[in-house]
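[1] any chance you can model this:
(2 chains)
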2 protein chains.
Amino acid sequence: MKQYKVGILGATGAVGREMMKVLEERNFPISELRVLASARSVGKKLPFRGEELTVVEATHDAFEGLDIVLGAATNALAQEMAPYIVKAGAVFVDNSSAFRMDPEVPLIVPELNPEDAKNHKGIIANPNCTTIVTLTALGGLAKHSKITSIIASSYQATSGAGAAGPVELMDEVEALAAGKTYEPKVFQYQIAYNVIPQIGGNAFEGYTSEEMKMQNEGRKILHLPDLKVSCTCVRVPVVRSHSVSVVVRTEEKISVEKARELIAAAPGCKLVDNLDAKQYPMPLDTSDQDLVFVGRIRDDLTDDKGLNIWCCGDQVRKGAATNAIQIAELLIEK
Amino acid sequence: MKQYKVGILGATGAVGREMMKVLEERNFPISELRVLASARSVGKKLPFRGEELTVVEATHDAFEGLDIVLGAATNALAQEMAPYIVKAGAVFVDNSSAFRMDPEVPLIVPELNPEDAKNHKGIIANPNCTTIVTLTALGGLAKHSKITSIIASSYQATSGAGAAGPVELMDEVEALAAGKTYEPKVFQYQIAYNVIPQIGGNAFEGYTSEEMKMQNEGRKILHLPDLKVSCTCVRVPVVRSHSVSVVVRTEEKISVEKARELIAAAPGCKLVDNLDAKQYPMPLDTSDQDLVFVGRIRDDLTDDKGLNIWCCGDQVRKGAATNAIQIAELLIEK
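    As a prediction, the model looks like this:
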């Protein structure tokens, strides 16, 4: 079996480290793993397959010889490095939002639109974490009947803001218990024992950038240019795994029973739906694994073509690292 | 000014104690406050206007001479005592859900349907806390154009489960920090660093009792028997104040600008809506006061008659104690 030379750009961050774990777990055929980051992380050691890899600087010529580069860096670093990665002959599977809406760049959730990966010109984008979790949950329904609209309210974990997010949550909890004050640095306000209805900046008519991603990226991934999405993104004091309350409308009515069947059979999903037995998705149960749990499925009481759904998924894994490596697997399968 | 003899049934619980605070704050004209509870609380002392009141047992003949009884007890106790309260000649303003859907019993949010209080036959019901917070937020819109549907996802504080809720949250946080396990007693699962998408039991086609209250009670309060509500109720690790993400559709389109005007002018509401300045309602800011904060107002991108709204309110106060005392104030105004 062919072995690949793989790079991770931004290897020291939360998503970069998770990518190393997932590559190892999934036995990705790697002959070299090059871990790249900005100058201040150079020399750091990162564990991989029982060894320690040394972080090298992500310079313009640092990508020579690589087949695939997984991007887990900022938009700015992704934009700066992309031309050099492509020039070096590698495919750049990028988790930043820099290229997601570029018409030349496929945007992939492998369970939904793997065929789009074929049309890449050197760059493939990994979608937004909340979008991946929600669309993976809806994938089985989308294949059965065209989705016309989605209304979503999210319950997003602190780790969605990077490794510093949960640290701030825990530091706040500790400070509050000691009767001390804590000045938030990662989040706009205290997140411990609070919820904050803002993720991202003001992007479109009062919607935040995070909220608009589900509509914009959803249209591209599902090939539904007219898809309508109303999204409210909210940070909650959870360490890991995003939850989403979704109302989805389809062209033809899907019954609750049929929806359960479709979701149970959909790749990447686990049906957890028995209210009487207190079984439903919860962020504590969906962390550190790759499936999106889906439950609380019921008819939308406001529209006869709608369904109400609750889903949870680990946004560092399926929402970022795992999805990117699934994209890389599509490339090597060719 | 006439002074009233007031009783509180279930005075030792979270809502009962808050009722005593609110009666004092609002200077309710009281000549006697009788604090009643079940046998095990008899003899407890509760502070009121600088004195200590002694809890007496809520027996069938404990209501003699009272003008108004505020109910903060269980459904069972409310149901048992209601006939004796009415027989004693008092009006029973009950916060339990026992009588809310009884066609003989008015269900009141004073900002919305104060006139319904006139038709009472001895019992007036206080609505569900999440319903009160949401409908108070929507009151200004409802008076401008008929509401046709509501889609709501809630972020409900642990104190919604009574005084033991926040205690369990804090005990869990402490146990987890010490590396110990904690067996949940109040909530179905660990609530610290988690969210739980179940409040109440399975009530109607997969919806919980809490979720159906917004439709059933909303129809009665708004006098809209055809109102459609799809609700998802979720417990979050917040101490106090419920938050709700709402999509509301009206018969005629209300613009964002008009909605801001209507909400700013609506009784019981405070408009907090400036995303660029990071101003929006949050549970930390709405606790221990009576206004429902409303913000993140924007057009529903899935329906041209819809608006997206985010609101927060203290469910122990406006969602329970304050609303009940506002109802009592309607009675004495007559």
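[2] quickly list the domain ranges of chain A.
    A:4-127+A:320-333, A:131-315 (automatic domain parsing).
[3] just the ones you listed: most buried one?
    Most buried of the domains of chain A, by mean neighbour count (mean count of other C-beta atoms under 10 Å in any protein chain shown): domain A:131-315, with a mean of 21. Using the backbone N, CA and C atoms, a C-beta is placed for each residue, glycine as well.
[4] straight-line length of that one, end to end?
    End-to-end distance for domain A:131-315: 10 Å, by C-alpha to C-alpha, to the nearest Å.
[5] can you check stretch A:32-44 too?
    Termini of stretch A:32-44 sit 17 Å apart (C-alpha to C-alpha).
[6] do the same with stretch A:83-92
    Stretch A:83-92 has an end-to-end distance of 9 Å (criterion: C-alpha to C-alpha).
[7] and it, what's its mean pLDDT?
    Model confidence over stretch A:83-92, given as mean pLDDT, is 98.
[8] residue ranges with poor pLDDT in the stretch 101-250 of chain A?
    Within the stretch 101-250 of chain A, no stretch has pLDDT under 70.
[9] contact residues of it facing chain B?
    A:149-151, A:153, A:155, A:169, A:173-174, A:177, A:188-190, A:193-198, A:202, A:205-208, A:215, A:228-230, A:232, A:234, A:236-239, A:243, A:245, A:247, A:249 (C-beta under 8 Å from any C-beta of the partner chain).
[10] so which of those sit within helices?
    Judged by DSSP state H, these include A:L169, A:V173, A:E174, A:A177, A:Q215 as members of helices.
[11] not counting its neighbours along the chain, what's nearest the second one?
    Distances taken as C-beta to C-beta, 6 or more residues apart in numbering or on different chains place A:A192 nearest to A:V173, at 4.9 Å, with adjacent residues excluded.
[12] now swap in the first one and tell me
    Computed as C-beta to C-beta, 6+ apart, the closest residue to A:L169 that is not its neighbour in sequence is A:T158, at 4.7 Å.
[13] for the one you found, list the residues it contacts.
    By C-beta atoms under 8 Å, 6 or more residues apart in numbering or on different chains, the residues touching A:T158 are A:G165, A:P166, A:E168, A:L169, A:V186, A:F187, A:I191, A:R235, A:P237, A:V238, A:V239.
[14] any chance of the residues you listed in CSV, plus distance to B:R49?
    Output for the contacts of A:T158, formatted as CSV (distance: C-beta to C-beta, whole Å):
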residue, distance to B:R49
A:G165, 46
A:P166, 46
A:E168, 43
A:L169, 41
A:V186, 45
A:F187, 41
A:I191, 38
A:R235, 41
A:P237, 37
A:V238, 42
A:V239, 45
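[15] between those residues, which sits nearest A:D303?
    A:D303 lies nearest to A:R235 out of the contacts of A:T158, by C-beta to C-beta, at 28.5 Å.
[16] my read: A:I196 touches A:P237, true?
    No. Counting by C-beta atoms under 8 Å, A:P237 is not a contact partner of A:I196; they are 9.4 Å apart.
[17] for B:E252, see how far away the residue in the stretch 1-150 of chain A that chain B sits nearest to is.
    Distances between the stretch 1-150 of chain A and chain B by C-beta to the nearest C-beta are smallest at A:S149, namely 4.0 Å. Using C-beta to C-beta, to the nearest Å, we find A:S149 at a distance of 21 Å from B:E252.
[18] one step back: out of the domains of chain A, flag the one nearest B:A321.
    For the domains of chain A, the distance to B:A321 is smallest for domain A:131-315, at 20.9 Å, taking C-beta to C-beta.
[19] how far out from the middle of the chain is the closest one?
    11 Å (C-alpha atoms, centre = their mean, to the nearest Å).
[20] just stretch A:121-135 next, same as before
    Mean-position distance between stretch A:121-135 and its chain equals 6 Å (C-alpha atoms, centre = their mean).
[21] ok, A:Y280 touching B:V195?
    No. A:Y280 lies out of contact with B:V195 (C-beta under 8 Å); the separation is 10.5 Å.
[22] phi, psi for the residue nearest to A:V173 please.
    Torsion angles at A:A192 (phi, psi; degrees, to the nearest 10) stand at phi -60, psi 130.
[23] how near is it to B:Q3?
    Distance from A:A192 to B:Q3, by C-beta to C-beta: 44 Å.
[24] which residue lies farthest from the center of chain A?
    A:G179 (36.0 Å; C-alpha atoms, centre = their mean).
[25] what's the helix or strand for it?
    Counting by DSSP states H and E, no helix or strand carries A:G179.
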